[in-house]
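Asks: could you look at this predicted model? Sequence included:
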Amino acid sequence: MRLSSRLPSSHEPNALSAALAARRDSGGAVLDLTVSNPTEAGFPFPAGILAALAAPEVLRYAPGGAGAKAAQEAIAAHHGHGVDPAGVLLTASTSEAYSWLFKAVGDPGDEVLVPSPSYPLFEWLARLEGLVARPVPAFFHEGWRLDLQGLEEACTARTKALVVVNPNNPTGQFLAPEEWAALTDLCARRKLLLIVDEVFADYALEAPADRLRTVLASRSPPCALAVLSGLSKVALLPQVKLAWLILRGQGTASLQEGLEFVADQFLSVSASAQAAAAAALAAAPALRARVLARARTNLAVLDRGLALRPGLQRLPVEGGWSVLLRRPAVDTDEACALRLLETEGVLVHPGHFFDIPSEGFLVLSLLTREPDFAEGTDRLLRAL
């Protein structure tokens, strides 16, 4: 059967995934420094979340495009900054939120601009909707910075949206005020939807005081704005499958109507997830504090190891769960990651997994349990 051209032409695993599967199949130990699933990272969860998932209202089906009012109100209160509960639309994941936004603003063949480095999923989320994701590489100068002129030049008559992650994953950079001003001006002039993914916004680590911790602080942006987040990162609950998008700015009334129409066709958010939203958000600050404490501990361990190895360095981590390790590019990042897995039993991600435009970068997760991170980075740094 001939499948859609929107799907991958091959489903073969990449070289690192294949090597990892082979090692595990043979019983080889792996120190995983790429952990991104918070439910496997050893954090205790309060029992109240389980009770909320079994609330009586779970047995009542009350479909609605935007979502349950109580969940909308809890999310608006979590964000503050004057967020209107009526402007909060619930989705089952941020990936689904992107999908709905792409459906609402684009026709087949239209384009979405995506500054890179960034998540590796945008290309496929856009492609599955018949759109084209056009990467615009950022540049590194004492930190990653958006190529604002490059974004301007990349716009065409078919460009419909611009996606930014704040703070970026994996670079950890928050938007600078001048970047935010330039982005909103560009989107206003070009009549683009500005999509800002803030799933990691609550995890500031080394952010300068002038960085933009949340774009929701701008209550009247001159362009149409959609801000995304969800329980996956905010409350360490990816399995609950509850995310949301918040609309602000010019022209979003018609966008909200369109999104609610899309939502009505799927009704994908479960009653249990919506019922648990308030309890999950109430428990979230304590959970996030544990994540931040672990991230800081792991960064300190890494810094002690790097102090003995001047040929290696880590980049600043303004926010998020990842850290970039910079190394001499004597071979490709993929070859380096494969060698570390084979000889040291240590799993890291090569930079190209996140569209980092040059060799010499490995990506580590600060969510890794402290003993594993300490042992893994010790092996890694000695090997490098």
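Replies: Alright, I've got the coordinates. Residues are numbered from 1 along each chain as shown.

Asks: and the end-to-end length of stretch 222-233?
Replies: With CA to CA, to the nearest Å applied, stretch 222-233 spans 28 Å between its terminal residues.

Asks: could you do stretch 121-139 as well?
Replies: End-to-end distance of stretch 121-139: 21 Å, with CA to CA as the criterion.

Asks: over to stretch 24-40?
Replies: For stretch 24-40, the first and last residues are 17 Å from each other (CA to CA).

Asks: who's in contact with stretch 52-69?
Replies: By CB atoms under 8 Å, 6 or more residues apart in numbering, the list of residues contacting stretch 52-69 from outside reads 72, 85-86, 88-90, 240, 244, 256, 259-261, 263-264, 267, 269, 271-280. (Glycine included, C-beta is placed from N, CA and C.)

Asks: only whichever of those residues are buried, select them in PyMOL.
Replies: Only the buried entries of the contacts of stretch 52-69 go into this PyMOL selection, using 16 or more other CB atoms under 10 Å:
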select buried, resi 72+85+88+89+90+240+244+256+259+260+263+269+271+272+273+274+275+276+277+278+279+280
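
Asks: now intersect the contacts of stretch 52-69 with the strands, please.
Replies: By the criterion of DSSP state E, membership of the contacts of stretch 52-69 in strands covers 88-90, 244.

Asks: same question for stretch 27-40, mean pLDDT?
Replies: Averaged across stretch 27-40, the pLDDT comes to 94.

Asks: quick thing: my sequence starts at 37, can you match it?
Replies: From this message on, residue numbering opens at 37, which makes the last subject stretch 63-76.

Asks: show me which parts of it are buried, residue by residue.
Replies: Buried residues in stretch 63-76, counted by 16+ other CB under 10 Å: 66-72, 74.

Asks: do the same with stretch 108-119
Replies: 108-112, 114-115, 119.

Asks: can you check stretch 130-147 too?
Replies: Using 16+ other CB under 10 Å as the test for burial, stretch 130-147 gives 130-142, 146-147.

Asks: mind listing which of the contacts of stretch 88-105 are in helices?
Replies: 108, 292, 295-297, 299-300, 307-316 (DSSP state H).

Asks: re the thing from before, closest one to Asp408 out of the buried residues of stretch 63-76, please.
Replies: Proximity of those to Asp408, judged by CB to CB, is greatest for Leu67, which lies at 5.5 Å.

Asks: the stretch 187-336 of the chain: helices as residue ranges?
Replies: For the stretch 187-336 of the chain, the helices defined by DSSP state H, counting those that start in this stretch cover 213-226, 267-270, 288-302, 307-343.

Asks: the first one - contacts with which helices or strands?
Replies: Counting contacts by 3 or more CB pairs under 8 Å, 6 or more residues apart in numbering; DSSP states H and E, the secondary-structure elements packed against helix 213-226 are helix 184-190, strand 195-201, strand 229-233.

Asks: so for the second one, mean pLDDT?
Replies: This means strand 195-201. 97.

Asks: paired strands for it, with orientation please.
Replies: Sheet pairing of strand 195-201 (DSSP bridges) gives strand 147-152 (parallel), strand 229-233 (parallel).

Asks: could you dump the shortest one to CSV, C-alpha only?
Replies: Okay, so that is strand 229-233. Taking only C-alpha atoms (Å, rounded to 0.1, in the frame of the first residue of the first chain), the coordinates of strand 229-233 have been written out as CSV:
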residue,chain,number,x,y,z
LEU,A,229,1.2,34.1,14.2
LEU,A,230,3.9,34.1,16.8
ILE,A,231,3.9,30.8,18.6
VAL,A,232,6.0,30.7,21.9
ASP,A,233,6.6,27.4,23.6
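
Asks: quick revisit: can you list the strands paired with strand 195-201 in JSON lines and add mean pLDDT and distance to Gly186?
Replies: What follows is these, written out as JSON lines (pLDDT from 0 to 100; distance: least, CB to CB, whole Å):
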{"stretch": "strand 147-152", "mean pLDDT": "95", "distance to Gly186": "8"}
{"stretch": "strand 229-233", "mean pLDDT": "98", "distance to Gly186": "16"}
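
Asks: closest one to Ala331 among the ones you listed?
Replies: Across the strands paired with strand 195-201, Ala331 has its closest neighbour in strand 229-233 (19.1 Å, CB to CB).

Asks: who touches that closest one?
Replies: Contacts of strand 229-233 (CB under 8 Å, 6+ apart): 130, 134, 137, 141, 155, 196-202, 219-220, 223, 251, 257, 259-265, 285, 291.

Asks: mind checking the SS state of Arg345?
Replies: Secondary structure for Arg345, judged by DSSP: H, G, I helix; E, B strand; the rest coil, is coil.

Asks: ok so, going back, and of the helices of the stretch 187-336 of the chain, who's closest to Gly166?
Replies: Of all the helices of the stretch 187-336 of the chain, helix 288-302 sits nearest to Gly166, with 14.4 Å by CB to CB.

Asks: since that was my last question, I'll sign off now.
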